[in-house]
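Trainee: sequence-free structure coming up:
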C-alpha cells in the first residue's frame, strides 16, 4: 500500500493549523445543508412523487438514501475532514493516480456553476417584476396599435408568453442563436456580483451569509404551507401527491430515478462537501453530521412537496372551475337560459339531460372535457414548474405580488446557497494546488474566477440560451458524477484501505464504523453506482436526444414541439459528457508515464554513475546509448 499512497503520514495530525475554520458547528451544518438543499428539492422531487405512484415513490427513494446516499456522503465528509484538503488535494494524497478525480470534480463544478447561476438570473428577473400590481404575467400586453392584446399571447396564455417571449425571447430552433438579451445580461452580472461578495473571503464571508440564505427558504416554505393548506383544492392536491400506486414499483425506471435523485439531491461527488468538511476540526463527529444532513435534506423535499402540491391542487381546482364556467356560459347562450340558472354542482346533470335530448346542438358547442384529474395530471418540473405552473397559480391568490416576491426570493436563496458549494468546489482545489502564487490576494483570485464564469455564461443570455442550459443540465454533470462517485468509493475503501479509513473515523468520532457502514462502503454502494451507470448508458443509447422548442404557431400549443438535436450539437453533448471524466484515465496515464521515466533515469544513474572509468564493457556501451 505504501507504494501506491503518496504519503504515509496524514495532514491534520500536527499541521495545517493555518487553514481557516468554521466559526461554529451550526455554521458548518447550515453550509452543508444549504449546498445539498437546492432547487431540485422544490421542483424535482415533487414531480417524481407525482409521476411515480405518489407515496409509493418514497420506498425506492429511502432505499437509495440508506444504501447509497448516506454511505457516500459519510465518505466525503470523513475524508475531507481527516486529510483537510479540497477534492484535488484529497485524491492526490490518497494516490497520485487518482488526482484526475479531483480535477474532474473541479471541472464539473465549474460547468454546473455556469448554468446554475443562469437560473438565478431568471429568478432575479421574475423577482424584480414581482413588485408590480397587477403582475406582468397576469395579462397580455397590448399590440403596437393598442387596439387589443398581442395575438401571440392570446394564442398561448399570459404566463407562457411572459416566460418564452418577454423573458427569454426564445427562438423556435436551437440552430437560431438569436441576439443577446441585455436585460438578462444585467441580471446575470448582478447575480455573479452577489455570489462574489458572499464568497470573497471563503468560508469567512460565506459562513456569515449562510445564516440568512439557508434559513430564509424554510421560513417561506412554512408560510406557503400554511397558506396553501387553507386554499380550496389543497386537499385534492395532497391526495393526488401521496396516494400510493404500488404496481408502479415494478417499473425499473422508478428505482433508477429514485437512486439518481438522492444522488444529485445530496450534491455528491462535486467536491463541495469535501471542501466544507476540510475546514472542520479533525476531532468532529462526521458520522453524525452525515446522517443529520442527509435526513434534513430528505425531510425538506417532503416538506416542500406538501407546500407545492397544496398550491398546485388549488391551481388545478381553479382550472377545473374555469373549464366548467366556460361550458356553462356556452350552454346558457345556446339555449337562452337565464344567467346563473346553472350552477357548477348542477352542470353534470344538466349536460347529461341536454345531451340526451339535444345532442346535435350540444355537439356544435364543442364543449371542453372538464375533469379535475386531468388538471392534476398536468405535471411539470424544473423551470416549467417554477416559471409557468407556479406563477400561474400565484395569479389566482389574493395579494399575488406579495406571494410572488416570497416565492422567487425563496428560490434565489436556495440557489445562492448551492452556488456557495459549487464555487467552493472550484476555489478550494485551486488554492490547495497553489496554481497561483501565494502573494496574490485570495480576493483577486476569486474575482478572476467569477469574472471568467460570468463571461462564459453569456451564451445563456442569447435567445437560444434556454436550449443550451438544458444541454448543460443533461450532459455536463450526470454521467461524470456517477464516475467520480464510483472512484471515490474505490479510492477510499480499496486504495486508501478499509482498515485505515475505519481507524481514521474511529480517531475522529471515538467509535469504529459498524457493520452497516463497512458492507455498504465495500459492496452495496459500488454495485449500486455500477448499476446506475450501466442503466444510464443504456437509456442514452436507446433514445436519440431531443429538445422541446417553443413554437407559437404549433397546433397543440402549449405542448412544446419535440425536435432532434442537429449533429453539431450532439458532438457538443458528447464533449460535455467526456470532458470532465477524461481527466481520470488521462491523469493516471500521465502519472504512469512520468513514473516510468523517473524509474528509467534512476536505473541509469545507479548502473552507469558507479562505473565511470569502465569504457569497454557492454554495460557502459548500453549506458551511453541510454544517455543519448
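Mentor: Sure, I can see it. These numbers come from a predicted model, not from an experiment.

Trainee: rest of the way, CA atoms for contacts and neighbours
Mentor: Will do.

Trainee: contacting residues for residue 493?
Mentor: By Cα atoms under 8 Å, 6 or more residues apart in numbering, residue 493 lies in contact with 501, 521-522.

Trainee: and which of the residues you listed is nearest residue 371?
Mentor: residue 521 (48.9 Å; Cα to Cα).

Trainee: columns secondary structure and neighbour count on top of the contacts of residue 493, output as a markdown table?
Mentor: Shown next, in a markdown table, are the contacts of residue 493 (DSSP: H, G, I helix; E, B strand; the rest coil; neighbours: other Cα atoms under 10 Å):
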| residue | secondary structure | neighbour count |
| --- | --- | --- |
| 501 | helix | 20 |
| 521 | helix | 24 |
| 522 | helix | 16 |
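
Trainee: of those, closest to residue 249?
Mentor: residue 521 (25.8 Å).

Trainee: where does the closest one land on pLDDT?
Mentor: According to the prediction, residue 521 has pLDDT 96.

Trainee: re the thing from before, would you list the contacts of residue 493 in CSV and tack on distance to residue 405?
Mentor: Shown next, in CSV, are these (distance: Cα to Cα, whole Å):
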residue, distance to residue 405
501, 47
521, 44
522, 47
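
Trainee: quick one: which of these is nearest residue 234?
Mentor: Nearest to residue 234, judged by Cα to Cα, of these is residue 521 at 42.1 Å.

Trainee: for the closest one, list the residues it contacts.
Mentor: Applying Cα under 8 Å, 6+ apart, we find residue 521 in contact with 71-72, 489, 493.

Trainee: do that again at 7 Å, thanks
Mentor: With contact taken as Cα atoms under 7 Å, 6 or more residues apart in numbering, residue 521 is in contact with 71, 489, 493.

Trainee: am I right that the first one sits in a helix?
Mentor: Yes. If the criterion is DSSP: H, G, I helix; E, B strand; the rest coil, then residue 71 is within a helix.

Trainee: can you give me the neighbour number for residue 29?
Mentor: For residue 29, the neighbour count with other Cα atoms under 10 Å is 19.

Trainee: just the strands in the chain please.
Mentor: With DSSP state E applied, the chain shows strands at 546-549, 561-564, listed in chain order.

Trainee: how close does the nearest residue in space to residue 97 that is not next to it in sequence get to residue 95?
Mentor: Of all residues not flanking residue 97 in the chain, residue 588 sits nearest, at 4.4 Å (Cα to Cα, 6 or more residues apart in numbering). Counting by Cα to Cα, to the nearest Å, the separation of residue 588 from residue 95 is 10 Å.

Trainee: for residue 360, same thing?
Mentor: Distance of residue 360 to residue 95, given as Cα to Cα: 80 Å.

Trainee: how about residue 35?
Mentor: Distance from residue 35 to residue 95, counting by Cα to Cα: 27 Å.

Trainee: and the two? Which one has more around it.
Mentor: For residue 35 versus residue 95, neighbours defined as other Cα under 10 Å are more numerous around residue 35 (26 against 22).

Trainee: so who does the more buried one touch?
Mentor: Contact analysis of residue 35 by Cα under 7 Å, 6+ apart lists 417-418, 420-421.

Trainee: report pLDDT for the nearest residue to residue 330 once chain neighbours are set aside.
Mentor: Nearest in space to residue 330, with sequence neighbours left out and distances taken as Cα to Cα, 6+ apart, is residue 365 at 6.9 Å. Looking at residue 365, its pLDDT stands at 75.

Trainee: hmm, back to that, buried deepest among the strands of the chain, which one?
Mentor: strand 546-549 (a mean of 16; mean count of other Cα atoms under 10 Å).

Trainee: partner strands of that strand, with direction?
Mentor: Sheet pairing for strand 546-549, assigned by DSSP bridges, gives strand 561-564 (antiparallel).

Trainee: give me the residues contacting the partner strand.
Mentor: If you take Cα under 7 Å, 6+ apart as the criterion, strand 561-564 is touched by 545-551.

Trainee: want to throw the residues you listed into a markdown table with pLDDT and distance to residue 321?
Mentor: Listed next are the contacts of strand 561-564 as a markdown table, based on pLDDT from 0 to 100; distance: Cα to Cα, whole Å:
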| residue | pLDDT | distance to residue 321 |
| --- | --- | --- |
| 545 | 85 | 38 |
| 546 | 85 | 35 |
| 547 | 85 | 33 |
| 548 | 82 | 29 |
| 549 | 81 | 30 |
| 550 | 75 | 28 |
| 551 | 70 | 28 |
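
Trainee: can you count the residues close to the residue nearest to residue 330?
Mentor: Residues lying near residue 365 (other Cα under 10 Å) number 12.

Trainee: cool, and the one 5 residues further on?
Mentor: Residue 370 has 16 neighbours, counted by other Cα under 10 Å.

Trainee: helices and strands of the chain: which one bottoms out on pLDDT?
Mentor: Least confident helix or strand of the chain, by mean pLDDT, DSSP states H and E, is helix 618-627 with a mean of 47.

Trainee: model confidence at residue 559, what's the number?
Mentor: So residue 559 comes in at 55 (pLDDT).

Trainee: start at 127 instead
Mentor: With the count now opening at 127, the last piece we talked about shows up as residue 685.

Trainee: so where's the stretch 327-476 of the chain shaky on pLDDT?
Mentor: In the predicted model, the stretch 327-476 of the chain carries pLDDT under 70 at residues 463-473.

Trainee: helices along that one, start to end?
Mentor: With helices called from DSSP state H, counting those that start in this stretch, the stretch 327-476 of the chain shows them at 329-355, 360-368, 378-391, 398-404, 412-461, 473-483.

Trainee: and the fifth one, what does it pack against?
Mentor: This points to helix 412-461. helix 151-162, helix 165-169, helix 196-209, helix 329-355, helix 360-368, helix 498-502, helix 516-521 (3 or more Cα pairs under 7 Å, 6 or more residues apart in numbering; DSSP states H and E).

Trainee: between that helix and helix 151-162, how big is the angle?
Mentor: Put simply, helix 412-461 runs at 50 degrees to helix 151-162, going by axes from the mean of the first three to the mean of the last three Cα atoms, to 10 degrees.

Trainee: so helix 412-461 versus helix 196-209, what angle?
Mentor: If you take the same axes, to 10 degrees, helix 412-461 sits at 140 degrees to helix 196-209.

Trainee: again, but for the first one
Mentor: The directions of helix 329-355 and helix 196-209 differ by 160 degrees, with the same axes, to 10 degrees as the criterion.

Trainee: and helix 329-355, what does it pack onto?
Mentor: On a contact count with 3+ Cα pairs under 7 Å, 6+ apart, helix 329-355 meets helix 151-162, helix 308-325, helix 412-461, helix 526-559.

Trainee: export these to TSV and tack on distance to residue 362?
Mentor: Below are the helices and strands packed on helix 329-355 laid out as TSV (distance: least, Cα to Cα, whole Å):
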stretch	distance to residue 362
helix 151-162	30
helix 308-325	37
helix 412-461	6
helix 526-559	21
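
Trainee: closest to residue 720 out of the ones you listed?
Mentor: Using Cα to Cα, these put helix 526-559 closest to residue 720, at 18.7 Å.

Trainee: buried ones in the closest one, by neighbour count?
Mentor: Buried positions in helix 526-559, judged by neighbour count with 16 or more other Cα atoms under 10 Å: 526-527, 529-557.

Trainee: surely residue 159 and residue 418 touch.
Mentor: No. Residue 159 lies out of contact with residue 418 (Cα atoms under 7 Å); the separation is 9.3 Å.
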